[in-house]
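# fold the following and give me the result.
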Amino acid sequence: MPPIPTKEAAGPSTMEGDLPPRGVLEVRLLGPLRIRRDGAVLEAGELGGPKPRQILEFLLLNLGTPVSKDRLIDVLWDGRPPAEALPTLESYVSVLRRHLQPGRGKAGPLRTVTGGYMMDPVLVDLDISRFNDLLHRASHCGPTEALELLQEALDMASAPLLGDELLASWAEEERGRHELRVCRARALAAELALSLHEPDHAVALAREALSGDHLNEKAWTSLVLGLEESGQPLEALRAFEQCRRTLDRELGCSPGNPLRAAHARLLRLTGETGTPVPAPLPATGASATRPLAAGTRSVPPADGTALGILIVDDHRTFTELLAGALDREPDFRTVGSAVSVESGVRLCRELAPDVVVMDYHLPDGDGLAAATRILQDAPDTRIIMLTGDPSQDLLRRAAGIGICGFLPKDGSLATMLDTLRHARTGNMVVHPSLVAQMGVTAPDPAGAPLGPPLSPRELDVLRLMAEGQEIRGVANSLGISIHTCRGYVKTIFSKLGSHSQSEAMAEAELRGILSVKSHVQAF
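Predicted coordinates:
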């Protein structure tokens with residue numbers, strides 16, 4: 001992917017200052033998506049649905065560079081596009097334009113180019129562009145100014161990139177590249193702080209860099225030298241030993257000359273004849289198990305109404321993004337995270353969460369094995385399983401164990417939150433996309449009237465209604481008018497022989513439209 005244009009190309013930064021010129025979009029991709037347009041603020045849920053939002057995010061990541069329609073189709077449907085992918089993409093872009101540049105048609109930041117689309121860098125002020133510009137400027141000035149610029153950039157990057165995309169593959173790739181840039185910037189800032197004789201600052205920056213990349217030898221060097229300069233030789237020796245073990249275990253190599261020289265000085269200074277046994281340091285790899293309540297992030301206190309949630313997943317970025325999203329909700333609080341069956345079961349016993357969000361694939365076994373052990377100890381615990389490759393046998397086993405819900409791991413945050421709020425033991429919720437992957441429909445009960453089939457658009461409306469959305473929300477999600485949406489609802493009621501939304505849901509479940517089996521409720 002080509003580099004993102006710098007701030008000069010994207011226009012002046014005004015996100016926290018005065019209003020920008022009319023027609024210019026101020027966009028924040030670090031953390032939850034946020035757009036300011038002509039004084040009005042648009043959040044991620046106000047762009048016409050997940051697909052239009054993802055189109056915008058991908059175009060912004062390629063700010064100023066045309067992106068072909070074929071590439072966008074591949075991104076939106078992860079290489080498995082539907083038959084009507086092209087007209088669907090074009091309709092999503094029309095929806096996006098109505099939200100981003102109302103009344104201006106194609107004369108706005110979202111441009112149509114030959115074979116694709118592009119976000120105009122002259123009409124977009126993007127935080128990632130400002131971040132990259134600060135890094136570029138820092139590489140062309142003296143140490144003091146460079147450190148100030150890097151610190152400004154790192155303050156901007158405190159939130160993860162694309163905070164609304166939990167695990168879309170393209171978003172994960174972009175996040176990985178961005179996190180690498182952030183880690184390198186932290187390591188460079190630590191070196192600069194050390195050169196300016198600010199050892200405490202260097203140590204703090206080095207620790208932050210190692211939390212994202214525990215194999216960064218430059219960060220280890222700044223950490224050891226910073227501790228040495230600040231008068232903490234024993235801590236410096238412990239850090240060196242941690243570095244030596246990490247590099248030997250994961251890369252099969254030894255620390256470089258600057259670290260070895262520092263090690264020799266520290267041994268002479270402390271009068272030690274050998275390396276002291278290192279005290280346990282905070283784990284920096286993905287294999288760490290971190291109770292959030294005692295970790296690096298504060299947890300909202302229990303208030304009698306918030307559901308305590310434990311996340312069991314070996315994917316660190318996904319866990320951090322999901323935990324951040326949950327803690328922004330007033331009725332949720334994350335109580336911890338684990339990365340394996342064993343650590344998940346142990347933390348469930350220690351923390352007694354109300355709900356466990358668990359990946360099916362774990363390093364030391366599968367989520368069903370963990371769920372079985374958790375429910376044996378605490379049968380009222382609600383467990384939501386995440387997977388990308390369901391099967392009929394898997395759903396049968398999950399229902400027998402007492403799993404409350406099955407969701408796609410790359411599903412929307414809104415679906416996750418809704419499921420956590422409504423899942424109950426004894427009634428398993430399964431997302432329609434997982435049902436569709438299995439190609440399963442439930443047999444119709446004897447005597448159940450079949451009636452005319454629902455069209456794909458009617459099914460979309462029905463599923464959104466089943467998620468609890470009102471007519472206006474359904475219309476916004478699908479990019480249609482309220483009048484058109486009401487027409488679809490009337491047609492659905494007519495085809496299902498129903499007179500209310502609850503009757504329509506019950507009839508749809510009876511016919512197997514939203515259900516795999518009678519004990520499995522899809523929404």
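# quick one: buried residues of the helix or strand residue 267 falls within?
According to DSSP states H and E, residue 267 maps onto helix 257-270. Of all the residues in helix 257-270, those buried under the rule 16 or more other CB atoms under 10 Å are 259, 262-263, 266-267. All C-beta atoms are positioned from the backbone trio N, CA, C, and that covers glycine.
# check what pLDDT the nearest residue to residue 366 once chain neighbours are set aside gets.
Closest residue to residue 366 apart from its sequence neighbours, by CB to CB, 6 or more residues apart in numbering: residue 360 at 5.8 Å. Predicted confidence (pLDDT) at residue 360: the value is 87.
# count the residues that sit near residue 360.
Neighbour count of residue 360, defined by other CB atoms under 10 Å: 21.
# ok, it touching residue 369?
No. The criterion here is CB atoms under 8 Å, and residue 360 misses it with residue 369 at 10.1 Å.
# before we move on, back to that, could you redo the buried residues of helix 257-270 as a markdown table and give each row pLDDT and distance to residue 458?
Formatted as a markdown table, the entries for these read as follows, by pLDDT from 0 to 100; distance: CB to CB, whole Å:
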| residue | pLDDT | distance to residue 458 |
| --- | --- | --- |
| 259 | 91 | 65 |
| 262 | 91 | 69 |
| 263 | 88 | 70 |
| 266 | 88 | 72 |
| 267 | 86 | 75 |
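# can you tell me the SS state at residue 310?
Of the three states, residue 310 takes strand under DSSP: H, G, I helix; E, B strand; the rest coil.
# and residue 48, its phi and psi?
phi 100, psi 10 (degrees, to the nearest 10).
# got it, and residue 239?
Backbone dihedrals for residue 239, given as degrees, to the nearest 10, come out at phi -60, psi -40.
# tell me which element residue 42 is part of?
Element membership of residue 42 [criterion: DSSP H and E] is strand 40-43.
# give me the contacts around that strand.
Counting by CB atoms under 8 Å, 6 or more residues apart in numbering, strand 40-43 makes contact with 32-36, 99-100, all of which sit outside it.
# what about 10 Å?
Outside strand 40-43, the residues that touch it by CB atoms under 10 Å, 6 or more residues apart in numbering are 25-27, 32-36, 46, 53, 56, 99-100, 102, 164.
# show me what that strand pairs with in its sheet, parallel or antiparallel.
strand 34-37 (antiparallel) (DSSP bridges).
# on that earlier part again, what are the buried residues along the strand holding residue 42?
Quick answer for strand 40-43 (16+ other CB under 10 Å): residue 42.
# pLDDT of that strand, averaged?
Confidence for strand 40-43, expressed as mean pLDDT, is 90.
# C-alpha coordinates for that strand, CSV please?
C-alpha atoms of strand 40-43 as CSV (Å, rounded to 0.1, in the frame of the first residue of the first chain):
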residue,chain,number,x,y,z
ALA,A,40,-21.5,18.3,12.7
VAL,A,41,-20.0,15.1,14.2
LEU,A,42,-20.6,11.7,12.6
GLU,A,43,-19.8,8.5,14.5
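# and it, how far out from the chain's middle?
20 Å (CA atoms, centre = their mean, to the nearest Å).
# which helix or strand lies directly C-terminal to that strand?
Past strand 40-43, further along toward the C-terminus, the next helix or strand under DSSP H and E is helix 50-61.
# buried sites along that next one?
Along helix 50-61, the positions that meet the burial threshold by neighbour count (16+ other CB under 10 Å) are 50-61.
# then stretch 103-111?
For stretch 103-111, burial by neighbour count (16+ other CB under 10 Å) applies to 108-110.
# do stretch 122-139 as well
Neighbour counts over stretch 122-139 (16+ other CB under 10 Å) mark 123-135, 137-138 as buried.
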